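[1] Got a sequence here, can you build the structure:
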Amino acid sequence: MGELKDKTAKGLLWGGLGNGVMQLLNLLFGIFLSRLLTPADYGIVGALTIFSALAGIFSESGFILAIVNRKDVTATDYNAVFWFNVVMSLTIYGVLWLCAPLIADFYRQPEMVALSRFIFTGFVFSALASTPTAYFFRNLNVKIRSKIQISALAVSGMAGVCCAFQGLGYWAIAVQAVLYTAVNSILLWICCPFRPKWQFSFSVLRSLLPFSFKQLVVSVFTQFNNNVFSVLLGRFYGMRSTGFYTQGNKWTSMGTGILTGMLTGVGQPVLRQTTDDPERMRKVFRKLLRFTAMLAFPAMLGLGLVSREVIVLLITDKWLDSVRVMQILCVGAAFLPVATLYGNLFNSIGRPGIYMWNVISLGLTQTLCLCVSYHRGLYVMLVLYVSVNVLWTLVWQFFAKKCTGLRFRDAASDILPYLFMALLAIAVTVLLTSGIGHLVVSLIVRIVSVAFLYALMIRFMRPDEFKEALNFLLRRKTTSKGL
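    Below you'll find the predicted structure:
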């Protein structure tokens with residue numbers, strides 16, 4: 001128990017620290033690029049995201065999580081996954097290379113032919129690094145992964161900014177994206193002790209297939225659902241509107257990146273080690289759920305509160321149309337880490353089918369809402385999209401109760417108090433700061449006010465959780481029972 005607690009704490013610490021540094025670097029590079037580039041530049045790259053994302057998923061085919069979820073893993077397992085990913089990624093890239101003119105015709109953008117063929121090389125680099133990624137993921141080596149990702153982002157970000165200064169437009173974003181995956185892949189292989197051999201085992205893939213296929217379906221629907229906005233906007237509203245959405249979504253994703261990165265790197269491996277003891281697993285899950293809710297709601301709803309200040313101050317008022325997009329997305333993003341944690345739970349207990357069908361149903365419902373409402377404009381589409389995402393938390397909990405016995409009232413007592421406290425802190429802050437006209441002063445006062453009021457409420461209303469979170473953040477050992 002003590003070893004698991006120590007691994008979890010270190011994983012969460014380095015996951016949070018690593019993602020925090022990455023989001024800071026993304027912030028700095030994003031400021032430079034957004035000031036130098038136009039909404040249309042972001043739109044044309046954003047419209048291609050769905051193709052590279054889906055291609056990367058098919059080339060990896062869910063085998064990373066299948067390896068992580070396997071109790072005993074050998075070099076033969078890693079080897080089979082590596083060669084499968086090599087063949088699949090190169091095959092899919094060849095298909096997309098041939099389809100590039102069709103993609104350009106769909107968006108009515110001839111320049112997309114060369115651009116897409118370059119951007120699609122990124123998923124090849126990513127697929128080639130899937131085996132060392134699985135190795136570090138399985139062994140909870142979050143520290144190494146964080147250092148590698150930070151290094152890759154620093155190199156690629158500087159390259160992208162240099163390209164933007166040279167007037168290369170949307171090519172700057174493309175160079176940054178491809179170079180990040182390339183550098184990340186190279187560093188992963190340098191640090192990983194596994195080295196592939198010229199051998200391949202179909203039996204390994206067959207044994208992994210039942211789990212990996214479900215993960216493949218989940219990932220396909222997740223990525224399609226995450227990027228369907230860009231497809232519809234790019235086709236019917238043009239690259240400028242797509243750029244505004246891409247920018248708002250990017251800033252929102254920076255906010256959720258820290259929490260989801262922590263949970264993805266730690267949640268499933270930790271929960272997997274408690275599956276033999278259902279009571280302990282529920283205890284671990286509820287502790288992770290409280291920790292997630294305590295951070296996610298004030299962070300994301302607070303980000304929505306200061307979205308105008310952030311956009312105008314950092315990337316100028318030419319991106320003002322992204323503010324409302326960001327505000328709506330932040331509401332849905334506040335619940336995203338919670339949904340991620342439920343997904344980790346289903347995978348860890350060997351029920352990936354439940355996770356798969358939930359993601360499929362959620363994706364189809366949201367896509368149906370978008371298709372019905374796309375003619376009413378971006379904001380109506382976003383409200384429907386976010387509403388479905390928030391309400392689906394009840395569906396996640398319904399299946400969690402069936403599979404683990406986790407009661408609705410227990411989950412509600414872990415989630416709702418933090419939501420209500422965050423909303424109350426934000427409401428009071430709005431009343432206190434509504435008359436402030438200076439953006440810098442408004443930004444500082446609003447952040448300080450929400451943080452102070454929220455911490456004060458937790459301190460007096462949830463003292464045990466406040467003390468536990470404070471001790472964790474300060475890396476102190478608590479006297480309470482561990483995970």
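[2] Report the separation between H375 and S241.
    Taking C-beta to C-beta, to the nearest Å as the measure, H375 and S241 are separated by 14 Å. Every C-beta, even on glycine, is put in place using the N, C-alpha and C of the backbone.
[3] Of those two, which one has the most company?
    For H375 and S241, the more surrounded residue by other C-beta atoms under 10 Å is S241, and the numbers stand at 20 against 9.
[4] List the contacts of the more buried one.
    For S241, the contact set (C-beta atoms under 8 Å, 6 or more residues apart in numbering) comprises P39, G43, L233, L378.
[5] Identify, from those residues, the entry nearest to W83.
    Distances from W83 to the contacts of S241, taken as C-beta to C-beta, are shortest for G43 (37.4 Å).
[6] State the mean pLDDT of the helix or strand where the closest one lies.
    G43 belongs to helix 39-46 when assigned by DSSP states H and E. With pLDDT averaged residue by residue, helix 39-46 scores 86.
[7] cool, stretch 404-422 as well?
    Per-residue scores along stretch 404-422 average to 92.
[8] rewinding a little: show me how to select, in ChimeraX, the buried members of the contacts of S241.
    Selection of the buried residues among the contacts of S241 in ChimeraX, burial being defined by 16 or more other C-beta atoms under 10 Å:
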select :39,43,233,378
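[9] coming back round to it: just the CA coordinates of the helix holding G43, formatted as CSV?
    Presented in CSV, the C-alpha positions along helix 39-46 are these (Å, rounded to 0.1, in the frame of the first residue of the first chain):
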residue,chain,number,x,y,z
PRO,A,39,-7.3,33.4,-37.8
ALA,A,40,-7.2,32.0,-41.3
ASP,A,41,-3.7,30.6,-40.7
TYR,A,42,-5.0,28.7,-37.6
GLY,A,43,-8.1,27.7,-39.4
ILE,A,44,-6.4,26.0,-42.3
VAL,A,45,-4.3,23.9,-39.9
GLY,A,46,-7.1,23.2,-37.5
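[10] Show me what it is in contact with.
    Outside of helix 39-46, the residues within contact range by C-beta under 8 Å, 6+ apart are 34, 107, 109, 111-112, 115, 119, 169-170, 172-174, 177, 230, 233-234, 238-247, 318-319, 321.
[11] what does stretch 176-193 give?
    Surrounding stretch 176-193, the residues in contact under the criterion C-beta under 8 Å, 6+ apart are 29, 33, 45, 118-119, 121-123, 125-126, 128-129, 131-133, 135-136, 144-145, 148-149, 151-153, 155-157, 159-160, 163.
[12] Quick check: buried residues in that stretch?
    Applying a neighbour-count criterion of 16+ other C-beta under 10 Å, one finds 176-185, 187-188, 192 buried in stretch 176-193.
[13] Other residues contacting stretch 378-388?
    Taking contacts as C-beta under 8 Å, 6+ apart, the residues outside stretch 378-388 that touch it are 229, 232-233, 237, 241, 244-245, 324-325, 328-329, 331-332, 362, 365-366, 369-370, 373-374.
[14] the helices in the stretch 201-350 of the chain, which residues?
    Shown for the stretch 201-350 of the chain, the helices assigned by DSSP state H, counting those that start in this stretch span residues 202-236, 238-272, 278-305, 307-315, 322-333, 336-348.
[15] Need these in JSON lines (columns: mean pLDDT and distance to T433).
    Formatted as JSON lines, the entries for the helices of the stretch 201-350 of the chain read as follows, by pLDDT from 0 to 100; distance: least, C-beta to C-beta, whole Å:
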{"stretch": "helix 202-236", "mean pLDDT": "73", "distance to T433": "31"}
{"stretch": "helix 238-272", "mean pLDDT": "75", "distance to T433": "20"}
{"stretch": "helix 278-305", "mean pLDDT": "88", "distance to T433": "9"}
{"stretch": "helix 307-315", "mean pLDDT": "89", "distance to T433": "10"}
{"stretch": "helix 322-333", "mean pLDDT": "92", "distance to T433": "16"}
{"stretch": "helix 336-348", "mean pLDDT": "85", "distance to T433": "27"}
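[16] Just put those in a markdown table and tack on distance to T429.
    What follows is the helices of the stretch 201-350 of the chain, written out as a markdown table (distance: least, C-beta to C-beta, whole Å):
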| stretch | distance to T429 |
| --- | --- |
| helix 202-236 | 29 |
| helix 238-272 | 17 |
| helix 278-305 | 7 |
| helix 307-315 | 13 |
| helix 322-333 | 15 |
| helix 336-348 | 22 |
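[17] Ok, which of these comes nearest S449?
    For these, distance to S449 was read as C-beta to C-beta. The smallest value, 9.6 Å, belongs to helix 278-305.
[18] tell me what the closest one is packed against?
    In this structure, helix 278-305 makes packing contacts with helix 238-272, helix 322-333, helix 336-348, helix 393-404, helix 408-433, helix 439-461, helix 463-473, judged by 3 or more C-beta pairs under 8 Å, 6 or more residues apart in numbering; DSSP states H and E.
[19] thinking again about what came up before, filter the contacts of helix 39-46 to the buried ones?
    When those are checked for burial by 16+ other C-beta under 10 Å, the buried set is 34, 107, 109, 112, 115, 119, 169-170, 172-174, 177, 230, 233-234, 238-247, 319, 321.
[20] Show me how far the host helix or strand of Q176 is from its chain's centre.
    In the assignment (DSSP H and E), Q176 maps to helix 170-191. Centroid separation for helix 170-191 versus its chain: 18 Å, with C-alpha atoms, centre = their mean, to the nearest Å.
[21] Only C-alpha atoms, please: export that helix in CSV.
    Coordinates of the C-alpha atoms in helix 170-191 are reproduced here as CSV (Å, rounded to 0.1, in the frame of the first residue of the first chain):
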residue,chain,number,x,y,z
TYR,A,170,0.4,28.6,-41.4
TRP,A,171,3.6,26.7,-42.2
ALA,A,172,4.9,27.9,-38.8
ILE,A,173,2.1,26.0,-37.0
ALA,A,174,2.7,22.9,-39.1
VAL,A,175,6.5,23.0,-38.5
GLN,A,176,5.9,23.3,-34.7
ALA,A,177,3.5,20.3,-34.7
VAL,A,178,5.6,17.9,-36.8
LEU,A,179,8.9,18.8,-35.1
TYR,A,180,7.4,18.3,-31.6
THR,A,181,6.4,14.7,-32.5
ALA,A,182,9.7,14.0,-34.1
VAL,A,183,11.9,15.3,-31.2
ASN,A,184,9.6,13.6,-28.7
SER,A,185,9.9,10.2,-30.5
ILE,A,186,13.7,10.5,-30.8
LEU,A,187,14.1,11.3,-27.1
LEU,A,188,11.8,8.5,-26.0
TRP,A,189,13.8,6.0,-27.9
ILE,A,190,17.1,7.3,-26.5
CYS,A,191,15.8,6.9,-22.9
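[22] which one of the helices of the stretch 201-350 of the chain lies closest to A451?
    Checking the helices of the stretch 201-350 of the chain against A451 by C-beta to C-beta gives helix 278-305 as the closest, at 7.4 Å.
[23] Tell me how far the closest one lies from the chain's centre.
    Using C-alpha atoms, centre = their mean, the offset of helix 278-305 from its chain centre is 16 Å.
[24] tell me which residues in it are buried?
    For helix 278-305, a neighbour-count test (16+ other C-beta under 10 Å) marks 281-282, 284-285, 287-305 as buried.
[25] Lovely, talk soon.
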